[in-house]
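J.: missing the sequence, but the structure's below:
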């Protein structure tokens, strides 16, 4: 049923396009954490089955409660990194969930990060897991660490040009982009910089407009989408290396506190709280036909600050919340 339409973008119910359904059946969408209110604890862990169009609660609970952690999909498992514990103490712990392992082996611990921090972000660049920014005991951080799977250790890499907490990360054309975030004085950034692993350095690029920076980044094809409360911004890199932002689509409704994850066609908006509580908060955006589709709501009440991840037999990709 058509709910709303504009000149460029449309909002519809669940897709019945066979090609879209076939593509999505290769994935399972996971929602980790999430709070009924901004001050509540993270207690939820659910997965969405695209074939059945429904959410189910995963009985495998996290080993310890965490809030404001980072999530990445690496080696076909979900990595939950850092964050605050139930007493609001900042941690450097790393938990890994492998949904395809045996019932007693799905959760494991990996070696903790060198630095404890929350409101950090994680991404996969050239097959390696990076954690970036966040806030630790000494305040907002610009530090970058990478996981070395051969030695099972975390190694430092070049720090960002500025300290960022509550940022977003997206990988576009072998570069890792840090978008937005808060600085030491809690001011909101619109600046953007990328990391080149070959030269181990960060480079500033063109900033984006304020309405397009806040809650998440997703990369589809050669476009990085930065998603704000009401609008997208689209970053492209030309063959000559120049970066340019262009306006993207408008969100179906204003939403805050969501996460963004992407596959090769869709952006998924998971979690969050709408300005009007009766409105749905879970959506997918088809970057080809520029249509919005509603997703069924997870079990329970609206979830602020949830994290999302996609698991597939042959693809893994994740983009973090701002």
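T.: Ah, there it is. Everything numeric here is computed off the predicted structure, so don't read it as measured data. Residues are numbered from 1 along each chain as shown.
J.: any weak-confidence spans in this structure?
T.: Across the chain, residues meeting the criterion (pLDDT under 70) sit at 1-25, 36-43, 211-213, 276-280, 300-302, 313-322.
J.: Would you state the helices of it in chain order?
T.: Listed in chain order, the helices found in the chain under DSSP state H are 18-24.
J.: what's around residue 252, how many residues?
T.: Residue 252: 23 surrounding residues under other CB atoms under 10 Å. The C-beta positions use only the backbone N, C-alpha and C, and glycine is treated the same way.
J.: That one contacts residue 292, doesn't it?
T.: Yes: the pair residue 252 and residue 292 passes the contact test of CB atoms under 8 Å, sitting 5.0 Å apart.
J.: so residue 285 makes contact with residue 294?
T.: No: with contact defined as CB under 8 Å, residue 285 does not reach residue 294; the gap is 11.2 Å.
J.: The two: which is more packed in?
T.: residue 285 (27 against 18).
J.: Quick check: beta-bridge partners of the more buried one?
T.: residue 267, residue 292 (DSSP bridges).
J.: quick one: it from residue 299, how far?
T.: Applying CB to CB, to the nearest Å, the value for residue 285 to residue 299 is 23 Å.
J.: For stretch 274-294, buried residues please.
T.: 274, 281-287, 291-294 (16 or more other CB atoms under 10 Å).
J.: next one: stretch 200-217
T.: 202, 205, 207-208, 212-217.
J.: Then stretch 88-104?
T.: Counting neighbours by 16+ other CB under 10 Å, the buried set in stretch 88-104 is 90-98.
J.: Among those residues, which ones are in strands?
T.: Assigned to strands by DSSP state E, the following of the buried residues of stretch 88-104 qualify: 94-97.
J.: any chance of the residues you listed in CSV, with distance to residue 79 too?
T.: Output for those, formatted as CSV (distance: CB to CB, whole Å):
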residue, distance to residue 79
94, 6
95, 8
96, 5
97, 8
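J.: quick revisit: which pair in the buried residues of stretch 274-294 spans the largest distance?
T.: Distance extremes for those: the farthest pair is 274 and 287 at 22.4 Å, using CB to CB.
J.: how far away is residue 51 from residue 178?
T.: From residue 51 to residue 178 the distance is 36 Å (CB to CB).
J.: Looking at those two, which has the bigger crowd around it?
T.: residue 178 (28 against 9).
J.: wait, the more buried one sits on residue 204?
T.: No: at 10.0 Å, residue 178 does not count as touching residue 204 under the criterion of CB under 8 Å.
J.: what do the two both touch?
T.: Shared contacts of residue 178 and residue 204 (CB atoms under 8 Å, 6 or more residues apart in numbering): 192-193.
J.: what are the ranges of the strands in the stretch 51-200 of the chain?
T.: For the stretch 51-200 of the chain, the strands defined by DSSP state E, counting those that start in this stretch occupy 54-57, 70-74, 77-81, 94-97, 107-110, 121-125, 128-132, 135-136, 139-140, 144-148, 153-157, 168-172, 175-179, 192-196.
J.: could these go into CSV alongside distance to residue 311?
T.: Output for those, formatted as CSV (distance: least, CB to CB, whole Å):
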stretch, distance to residue 311
strand 54-57, 14
strand 70-74, 6
strand 77-81, 7
strand 94-97, 9
strand 107-110, 15
strand 121-125, 13
strand 128-132, 15
strand 135-136, 29
strand 139-140, 31
strand 144-148, 18
strand 153-157, 23
strand 168-172, 18
strand 175-179, 21
strand 192-196, 25
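J.: Which of these sits closest to residue 226?
T.: Per CB to CB, nearest to residue 226 of those: strand 175-179, 5.3 Å.
J.: strands paired with that closest one, and their directions?
T.: Partners of strand 175-179, by DSSP bridges, with direction: strand 168-172 (antiparallel), strand 192-196 (antiparallel).
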